[in-house]
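Colleague: have a look at this fold, sequence not included:
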C-alpha cells in the first residue's frame, strides 16, 4: 500500500480558506447584505406589491423596530396614525435601523405581517425579532424607501437607477408628483424627467458656491434641520 504524505502547510491553508470558498456566491445577488435577495426594482416598480405606502417620521427605536408617526397614507388602509416597522435582524432582508434616525422622514412601501415563522421570537433577545402580527416590514431588496426632505423625496425612485443605490445623484422629486403617479395620473416617464439631474445646472451651482466660499452672508443657511417639514 502506498502512503501519501500531506504537506502540513497546505493542509492548514486548506482549512483556513474552506469557510470562504462560497462567500462570493453568497454575496453576489445583494452586495450590501447577507440575506442574498435579488433586486426587485426601484420604488415605482415595487410599489404595486406593497400593502401600505406612507409618508411618516421616526418617533422611537425599539430593538430592530422603529415607530413612525404617519403624516399621510399614500396608498392602503388609512386609519393608521402610528405604525411599527420591523427592520434588520438575523439574515432578514431589511435595512438596518441605524439608517432611520429619530426625526427622519420617509416614504415607505411596506408589507403587512400576517403570519410568523416558528423562530420569530428569541427569549434571549426579546427586543430583536422577526416582528409582531399586524405590524409592518420594510424590505431592502428594492427601492422600498425614499427619504423625505420638506415636500420632496429622493432615493431609488425610478427604473434605471443603479441597483442597491439608495442615495443616488438626482433632483429631489415633489411628493405631490409621486402621489399623482401612485394614483395613476402621472406616468413613470414624468417622474424620470423630474428626477434627472441637469449636469450643467449642477456645475453652475458648484461653481457659484465655490466663488462665494468665505462670503457666508451670501450663502443659504445650512444649519436648518435636514428633515425639516417646511
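Modeller: Alright, I've got the coordinates. Values in this document were obtained by computation on a predicted structure and should not be read as measured data. Numbers count the residues shown, from 1 in each chain.
Colleague: just give me the residue right at the centre of the protein.
Modeller: By Cα atoms, centre = their mean, the chain has its centre lying nearest to residue 145, at 4.7 Å.
Colleague: just confirm it contacts residue 109, I think it does.
Modeller: Yes: using Cβ atoms under 8 Å as the test, residue 145 is close enough to residue 109 to be in contact (7.4 Å). Just so you know, the C-beta spots here come from the backbone N, C-alpha and C atoms, and that holds for glycine as well.
Colleague: OK, contacts around the residue nearest to the centre of the chain?
Modeller: Residues in contact with residue 145 (Cβ atoms under 8 Å, 6 or more residues apart in numbering) are 43, 95, 106-109, 138, 155, 166.
Colleague: mind doing that once more with 6 Å?
Modeller: With contact taken as Cβ atoms under 6 Å, 6 or more residues apart in numbering, residue 145 is in contact with 106, 108.
Colleague: check residue 144 too.
Modeller: Residues in contact with residue 144 (Cβ under 6 Å, 6+ apart) are 46, 109, 138.
Colleague: redo the residues you listed as JSON lines? Include distance to residue 59 and neighbour count.
Modeller: JSON lines is the format used below for the contacts of residue 144 (distance: Cβ to Cβ, whole Å; neighbours: other Cβ atoms under 10 Å):
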{"residue": "46", "distance to residue 59": "25", "neighbour count": "18"}
{"residue": "109", "distance to residue 59": "20", "neighbour count": "26"}
{"residue": "138", "distance to residue 59": "16", "neighbour count": "24"}
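Colleague: looking at those, which are in strands?
Modeller: residue 109 (DSSP state E).
Colleague: nearest to residue 193, out of the contacts of residue 144: which one, please.
Modeller: Closest to residue 193 out of the contacts of residue 144 is residue 46 (20.6 Å), distances taken as Cβ to Cβ.
Colleague: residue 40 is in contact with the closest one, correct?
Modeller: Yes: at 5.3 Å, residue 46 and residue 40 qualify as touching, with contact defined as Cβ atoms under 6 Å.
Colleague: what's the overlap in contacts for those two?
Modeller: Counting by Cβ under 6 Å, 6+ apart, the contacts common to residue 46 and residue 40 are residue 142.
Colleague: can you give me phi and psi for residue 43?
Modeller: Phi and psi for residue 43, reported as degrees, to the nearest 10, are phi -60, psi -50.
Colleague: now do residue 68
Modeller: Residue 68 has phi and psi values of phi -120, psi 140 when expressed as degrees, to the nearest 10.
Colleague: spatially nearest residue to residue 86, not counting backbone neighbours?
Modeller: Nearest residue to residue 86, sequence neighbours excluded (Cβ to Cβ, 6 or more residues apart in numbering): residue 131, at 3.5 Å.
Colleague: element containing that neighbour?
Modeller: Counting by DSSP states H and E, no helix or strand carries residue 131.
Colleague: my guess is it contacts residue 113. True?
Modeller: Yes: between residue 131 and residue 113 there is a contact at 4.9 Å, judged by Cβ under 6 Å.
Colleague: what touches both of the two?
Modeller: Joint contacts of residue 131 and residue 113 (Cβ under 6 Å, 6+ apart) are residue 137.
Colleague: who's more crowded, the two?
Modeller: Legend: neighbour count by other Cβ atoms under 10 Å for residue 131 and residue 113, higher for residue 131 (23 against 18).
Colleague: let me see the ranges of the strands in the chain.
Modeller: Under the criterion DSSP E, the chain contains strands at 52-62, 65-75, 82-86, 105-112, 136-137, 145-149, 152-155, 173-174.
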